[in-house]
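[1] Got a predicted structure plus its sequence, pasted below:
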Amino acid sequence: MSSIPLPPAAVPVPVRDQARRAAPWMAGWLSLMLVVAVAGRQATREMDVFQIMEMRSLMGLVLLYPLVRMAGGFSALRTRQLPRHVGRNAVHYAAQYGWFLALTLIPLGQVVAIEFTMPIWTVLLAALFLGERLHRWKLAAVVLGAIGVAMIARPAGGAGIGAGQAIALVAALGFAVSVILVKSMARTEQAVTIMFWMLAVQSVLGLLPALAVWRWPTAAGWGWVTLVAIAGTYAHYCMASAMRHADATVVVPMDFLRVPLSALAGWLVYAERIDLWMALGTALILVGNLLNLWRAPAPTGTVRS
């Protein structure tokens with residue numbers, strides 16, 4: 001395997017600077033993931049989840065080409081971490097399947113809210129395996145965010161957790177493992193490299209399951225899957241880019257904003273109810289993000305400048 005250029009020496013970057021650099025990429029991630037959620041739910045009305053995921057990966061390989069050109073051509077796709085790419089994307093594929101499946105079982109806002117148990121796992125895994133520091137403001141952001149998520153995702157009428165909630169919870173753990181592996185690889189791999197191997201590996205993993213359930217989509221189905229592919233491809237490019245500019249424990253609390261935004265989308269598109277608990281949970285999430293971004297002490301992690 002040919003070698004790839006080594007990255008510049010890592011230098012300490014203050015948390016606030018990390019946040020400023022990562023924020024535009026996270027804004028892109030948040031917007032595009034809302035599109036994925038709505039388009040994905042619409043697509044599941046006529047296609048199996050395996051088929052949607054396979055079509056999304058194959059289309060994504062084509063959509064990635066402009067970014068490959070911008071990164072210097074096909075030489076940017078070389079990697080010395082192929083086993084890690086395969087492992088990461090096997091986990092991510094399973095988590096993504098669970099996420100799409102949960103969309104068919106429980107409300108949109110609840111799927112995303114339960115997904116946000118992920119930051120709790122991410123913070124712990126980042127501290128254990130990446131050596132990231134857990135200062136008090138990061139912990140405060142996670143605690144407040146987790147409480148906010150619990151308020152938003154509480155079972156209706158005190159009912160126990162059902163299959164949809166359990167599937168979403170397992171998917172959240174899978175996403176946390178995936179985020180940690182992305183952060184680890186982002187120290188030496190370009191965002192486009194991470195994206196290419198994600199799409200390539202998942203295309204191979206999903207080919208046989210997709211063929212087993214294949215149904216030719218209608219014109220509307222093609223439209224929804226195309227939206228999933230476009231938004232999903234560039235959303236993950238945004239996340240990988242954000243991870244190159246900031247610690248995982250800086251980036252992930254920003255993603256908490258997807259909870260209230262998804263609830264709002266559910267209300268606008270599907271008339272899903274927003275109540276006082278939703279408003280209070282959203283407020284806690286926002287407070288947690290502000291604490292993490294503006295009251296964090298300076299430096300710390302080594303990220304690429």
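    Sure, I can see it.
[2] Just the buried residues of the longest helix along the chain, please?
    Counting by DSSP state H, the longest helix found in the chain is helix 15-43. Buried residues in helix 15-43, counted by 16 or more other Cβ atoms under 10 Å: 15-19, 21-23, 25-26, 28-30, 32-43. Yep, even glycine has a C-beta here, placed from its N, CA and C like the rest.
[3] Which strands or helices does it pack on?
    helix 82-103, helix 108-115, helix 219-245, helix 248-254, helix 258-270, helix 276-294 (3 or more Cβ pairs under 8 Å, 6 or more residues apart in numbering; DSSP states H and E).
[4] That one to helix 82-103, inter-axis angle?
    Put simply, helix 15-43 runs at 60 degrees to helix 82-103, going by axes from the mean of the first three to the mean of the last three Cα atoms, to 10 degrees.
[5] Where in this protein is the helix or strand with the lowest mean pLDDT?
    Counting by mean pLDDT, DSSP states H and E, the weakest-scoring helix or strand in the chain turns out to be strand 302-303, with a mean of 42.
[6] quick one on the thing from earlier: now the helices and strands packed on helix 15-43 as CSV including distance to Gly72, mean neighbour count and mean pLDDT?
    Shown next, in CSV, are those (distance: least, Cβ to Cβ, whole Å; neighbours: other Cβ atoms under 10 Å; pLDDT from 0 to 100):
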stretch, distance to Gly72, mean neighbour count, mean pLDDT
helix 82-103, 19, 20, 91
helix 108-115, 34, 26, 79
helix 219-245, 15, 21, 88
helix 248-254, 25, 28, 73
helix 258-270, 32, 19, 81
helix 276-294, 32, 18, 73
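[7] Of all those, which one comes closest to Leu63?
    helix 219-245 (4.7 Å; Cβ to Cβ).
[8] For that closest one, which helices and strands make contact with it?
    Using 3+ Cβ pairs under 8 Å, 6+ apart, helix 219-245 is in contact with helix 15-43, helix 49-63, helix 163-185, helix 191-212, helix 248-254.
[9] would you turn the ones you listed into TSV with distance to Leu261?
    Below are the helices and strands packed on helix 219-245 laid out as TSV (distance: least, Cβ to Cβ, whole Å):
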stretch	distance to Leu261
helix 15-43	6
helix 49-63	21
helix 163-185	17
helix 191-212	23
helix 248-254	12
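[10] need the least confident one among those, by mean pLDDT.
    Note on the helices and strands packed on helix 219-245: helix 248-254 shows the lowest mean pLDDT, a mean of 73.
[11] my read: Val177 touches Val91, true?
    Yes - between Val177 and Val91 a contact is recorded at 5.1 Å, counting by Cβ atoms under 8 Å.
[12] Compute the number of surrounding residues for Met185.
    Other residues near Met185 come to 21 when the count uses other Cβ atoms under 10 Å.
[13] Now for it: which residues touch it?
    Each residue near Met185 by Cβ atoms under 8 Å, 6 or more residues apart in numbering is listed here: Gln81, Arg84, His85, Arg88, Ile194.
[14] repeat for Ile114
    Listed by Cβ under 8 Å, 6+ apart, the contact set of Ile114 reads Ala102, Val149, Ala153, Gln165, Ala168, Leu169, Ala172.
[15] can you count the residues close to the fourth one?
    Read that as Gln165. The tally of other residues near Gln165 (other Cβ under 10 Å) stands at 19.
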